[in-house]
Each structure stands twice: as C-alpha cells, then as structure tokens.
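Asks: Make a model of this:
(2 chains)
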2 protein chains.
Amino acid sequence: MHFTSEQRLDDGVLEREFTLGEIPGILWTPPSPSPSAAASAPAPLILLGHPGGLQKMYPRLVARARHAAADGFATATIELPGSGDRPRSAVAEQARADLRRALAAGEPVGGDIVDRLVLPLVDQAVPEWQAALDALLPLPGIGGPVGYSGGVIAIGTRLAVVEPRIKAAVLFAGSFVPAVMFEEARRVTIPLHVLLQWDDEGNDRQAALDLFDAFGSKEKTLHANLGGHTGVPQFAGDAAAQFFVRHLT
Amino acid sequence: MHFTSEQRLDDGVLEREFTLGEIPGILWTPPSPSPSAAASAPAPLILLGHPGGLQKMYPRLVARARHAAADGFATATIELPGSGDRPRSAVAEQARADLRRALAAGEPVGGDIVDRLVLPLVDQAVPEWQAALDALLPLPGIGGPVGYSGGVIAIGTRLAVVEPRIKAAVLFAGSFVPAVMFEEARRVTIPLHVLLQWDDEGNDRQAALDLFDAFGSKEKTLHANLGGHTGVPQFAGDAAAQFFVRHLT
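Replies: Below you'll find the model as predicted:
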C-alpha cells in the first residue's frame, strides 16, 4: 500500500489516497483526539462499499466518511474491479450491456444477466477488500472491530460470511443479487442493518425483502424509506451510524 | 374527565388514573422541569395505543411512558371499547371467537372476520381518543403537537386521517387491517414510522408491507426487526422515540 496524496479537510478529517497494487483507494481518519485522549483506543474501521467509480461516487463517499469520523470511525474504500480506471472485463461489459438493454426495454432482468454481472465481481472484489483490511488495520490509529457499509449488497454479503474481522454491516439493498447468493445470506450471522429505498427505480423490492428474510443473523433490521435509489433521508443515515456506534464501539 | 388516583413514580414521572365518562385512562407527565425552566413550553403529548386491556398492558405501557417522559413528552392512554372492564359487544365477541377458531385451525383469517372485529372497534374508539385529546390538552403543562404511538394500527390510521391535532405517528404493524381501510391509508399525509416484527405469530407480513406501501405520507419509514409480536428490540424503541423528538419538538 502506497499513499499518493494527503489532505486535511475543513472539519479536521485526514483524507489520504492510496494504491494497493493496481487498486486505487481512499482512507479517511478522524481528527487527532485531544492530547488528554492521546492514549485512547485506535479508531474502529468502516469499509465504505459503493457501486463502482470512485471519482463519480466521491461526493457521497466523503460525506459518509465525515459523518463516520464525527462518531470516531476511520473509513476506507477501494475501486471495484472493472470500474474507474481499472481494466474492464469483457464478460462484465457484455452483462452490463444486456442489463441496460433489458431495463430500457422494460423487461424483467434475467437471472443469467445478474449472475454474469455480479458473481465474477463478488469473486474478484472480496479478496481485494480483504487485502485492503490487511494493509489498513496495522496503520497507526486504526484498529478493529471492522464494519462494512453500503453496496454492492452481494459483496457485503460475501464479506460478512468469509471475513471474520467484519463484526457488523449496514447493507444497501439497491443492487441485484444472484439467486445462488441467497444460500450465502443464510450463513451470515453478524448484526445487520439493511437500508431499502422503497421506490428504487432499478431494483426489485420483493427480491430485497426476500434477501432480508434469508439472512441468518439473529439481529437484523430493515429500514425502508420512501424515495428512489439515491434518496436515502438524512435521518436514515443517522440511524445507520447509530447501528455502528452500538456494535463497533 | 375525573382523576381517580395519583402517584409519583421513582423516576419522578407523575402517573394519574382518570375516567372520561365510563372510559378509564392513564396520564403520565414528565417530572417538573427545574425552576429555571419553569417558563418552558408545555410537554407535547403522545397517545399510547394498545390492543386493549389496560391492566394486562400496564407494564409495557408504563415502560413506554417513562421512556417518553425522559424525552420530555407527556403520554396518555384509554381503555378500548369491549376490553378491560368495559361492556362487551356481541358482534365483536363473535368475531373474536371466529378469529381464535381460524388461528387455532391454522386457517387463513377471512376478511369478513377482520371487518366484523376491527371496523366497529375503529368506529367507536377513534371518537373516544379524540374526546380524550379534548380533555387532556387543556391541562396545565400539556400541549401540542400530538403524536400517536402503537397499535391497533387501524385505529392509528383512522386517527391520522381524521384528527388534525395528530402530527406524527409510530404505528405497530401487529394487528389485522380491514381491506376497506387501505383506501384510508392512502389519505394519510403525516410522517409515519411503522414498526414490523418480522416473525409476528398472529400477523400477516405481506399485508403489513402492503399497508406500508399504501400510506400516502411523503415521509414514511418501515423498521422491520427480527422476532415475534412482543419482541420489539430496545434499539427499535429508541429509534421510534427519536422519530417523535424529530417531529414533535
């Protein structure tokens, strides 16, 4: 991991861009505690999931990072395979084109499209997020436990199953989930807080409810709010933040 | 309205039992503010809904009242028609017996049973809750705006439509709703916070989701949590309390 830039935001949050091999990422850490708190515990880390395209997503990511920093959390994110400046995969590009065609035609999105689009993405992204954890957790001032927050929900689901350092997750039910991943969802046991936008344009509400039902966690909460994909209300973000305060501090 | 008893609870909350005509009720008011806050605004009032049977429900009601008082709210509740010591209605008793029979036999609960059980209850109870508001709001230290919290969800829905003093409602999706009331749900416009217990034994999850979908409010949030009818987790109660703080203060 190499840091490539560093800037202090106006609220004192330190933003550092890095590369992890070929993968770009961003790390945000809360302002240094007061001298009297110098011996305080390292900040728990929240991984910020997103649909791909760090540059396009930056405004929303930094807003989530600032909110989390105010609660004492460090946050980090990395680019997804096939997004931003990362190399495209022919299979994923074909699936993406098929998805766009189906949506434009108002047709149901076939399971084969979802499988071709999401399964390779999950298979490639999850080890990358785990490698990011390996690199981030030893940094000074950063520690466990770790949370995962956001989409792609299939990536969050797989991480919740295979990565024991992740102790709680806020999942955004805003993307397609391959049918085979419902079996994985049953194996999730960490506390979950699932956000569902009731009128999400590009998503299937019933599939999101079915996935929530499938999660094996003893503590799982669904917060459904009126509005479209990007319309998560401020108070819903606050509630998700409180979930992490409850489970990671 | 006549007060029939008064006691100060250990946390300073004043609990007063009253009768409103033949209807028993309970009013809880927060501890007096400090002398320096003597000129502070009167406490907003939250009506505590319940499924009927004040005595049986008392432990849960007083817990909700104490929680609300800690946030500065007065709370009040009245007995439902046909519950507690109030006269039974032959129609409702027959419907209740039919409901129990259907549930015991594992049969689907027919819409006619729900209509016979719930519609007369809503028709009778709603004007009583409004009369309670008429009597409670002029009391010293109590003011608006008013919230409604709890079940019976059909009563809360009707109140949200017909009672303009109610500005926000937390509704518990834990009881049957007559099909005709979905039309009323579309006319609700106040902010709603709907609690759904995902594994509620005596309730139909899909019907609860359909009702949430039907509500006409621009701000509506569904909080679904794992567990049965009485298993609402502490953090879900806290979130409902924050909803009232956001909308009534």
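
Asks: elements contacting the helix or strand hosting A:Ala69?
Replies: Assigned by DSSP states H and E, A:Ala69 belongs to helix A:54-70. Other helices and strands packing on helix A:54-70, by 3 or more CB pairs under 8 Å, 6 or more residues apart in numbering or on different chains; DSSP states H and E, are strand A:23-29, strand A:43-48, strand A:74-78, strand A:142-150, helix A:234-248. Where C-beta positions appear, they are placed from N, C-alpha and C, glycine not excepted.

Asks: Quick check: which of the ones you listed is nearest to chain B?
Replies: helix A:234-248 (5.9 Å; CB to the nearest CB).

Asks: Just name whatever secondary elements that closest one is in contact with.
Replies: strand A:43-48, helix A:54-70, strand A:142-150, strand A:166-172, strand A:192-197, strand A:220-225, helix B:234-248.

Asks: picking that back up, can you list the buried residues in the helix holding A:Ala69?
Replies: Under the neighbour-count criterion of 16 or more other CB atoms under 10 Å in any protein chain shown, helix A:54-70 has A:Leu54, A:Met57, A:Leu61, A:Val62, A:Arg64, A:Ala65, A:Arg66, A:His67, A:Ala68, A:Ala69 buried.

Asks: So the first one sits against A:Ile26, correct?
Replies: Spelled out, it's A:Leu54. Yes. Contact criterion CB atoms under 8 Å: A:Leu54 and A:Ile26 qualify, at 6.9 Å.

Asks: Report the set of residues contacting both of these two.
Replies: A:Leu61, A:Thr77 (CB atoms under 8 Å, 6 or more residues apart in numbering or on different chains).

Asks: Quick test: name the residue nearest the centre of chain A.
Replies: Among the residues of chain A, the one closest to the centroid is A:Gly49, at 1.9 Å (CA atoms, centre = their mean).

Asks: nearest residue to it other than its sequence neighbours?
Replies: A:Gly150 (3.3 Å; CB to CB, 6 or more residues apart in numbering or on different chains).

Asks: And for A:Phe172?
Replies: Nearest to A:Phe172 is A:Gly151, by CB to CB, 6+ apart, at 4.4 Å.

Asks: quick one: the one you found from chain B, how far?
Replies: 19 Å (CB to the nearest CB, to the nearest Å).

Asks: buried sites along the biggest helix by length in chain A?
Replies: Counting by DSSP state H, the longest helix found in chain A is helix A:111-136. By neighbour count with 16+ other CB under 10 Å, helix A:111-136 contains the buried residues A:113-122, A:125-126, A:128-129, A:132-133, A:135-136.

Asks: thought A:Leu137 was touching A:Gly144?
Replies: Yes. In terms of CB under 8 Å, A:Leu137 counts as a neighbour of A:Gly144; the distance is 6.6 Å.

Asks: Mind pulling up the pLDDT for the residue nearest to A:Phe172?
Replies: A:Gly151 carries a pLDDT value of 86.

Asks: and it, how many residues sit next to it?
Replies: By other CB atoms under 10 Å in any protein chain shown, 18 other residues sit near A:Gly151.

Asks: hang on, isn't it packed against A:Pro51?
Replies: Yes. In this structure, A:Gly151 is within contact of A:Pro51 by CB under 8 Å, at 5.6 Å.

Asks: Give me the common contacts of the two.
Replies: With CB under 8 Å, 6+ apart as the test, A:Gly151 and A:Pro51 both reach A:Gly174, A:Ser175.

Asks: Quick one: the helices and strands packed on helix A:234-248 as TSV, columns for distance to B:Asn225 too.
Replies: Shown next, in TSV, are the helices and strands packed on helix A:234-248 (distance: least, CB to CB, whole Å):
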stretch	distance to B:Asn225
strand A:43-48	22
helix A:54-70	23
strand A:142-150	19
strand A:166-172	15
strand A:192-197	10
strand A:220-225	5
helix B:234-248	5
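
Asks: Tell me which of these sits nearest to B:Ser32.
Replies: helix B:234-248 (19.7 Å; CB to CB).

Asks: if we can go back for a sec, against A:Pro191, how distant is the residue nearest to A:Phe172?
Replies: 18 Å (CB to CB, to the nearest Å).

Asks: hang on, the earlier thing: overlap in contacts, A:Leu137 and A:Gly144.
Replies: Common neighbours of A:Leu137 and A:Gly144 (CB under 8 Å, 6+ apart) are A:Leu45, A:Arg165.

Asks: Low-confidence stretches in chain A?
Replies: A:33-40, A:202 (pLDDT under 70).

Asks: can you rerun that using 80?
Replies: A:32-41, A:174-175, A:201-203, A:229 (pLDDT under 80).

Asks: Residues of it that sit close to chain B?
Replies: Residues of chain A lying close to chain B (CB under 8 Å from any CB of the partner chain) are A:198, A:209, A:212-213, A:217-226, A:233, A:235-236, A:239, A:242-243, A:246.

Asks: and with 6 Å instead?
Replies: Residues of chain A lying near chain B by CB under 6 Å from any CB of the partner chain: A:Lys220, A:Thr221, A:Leu222, A:His223, A:Ala224, A:Asn225, A:Leu226, A:Ala239.
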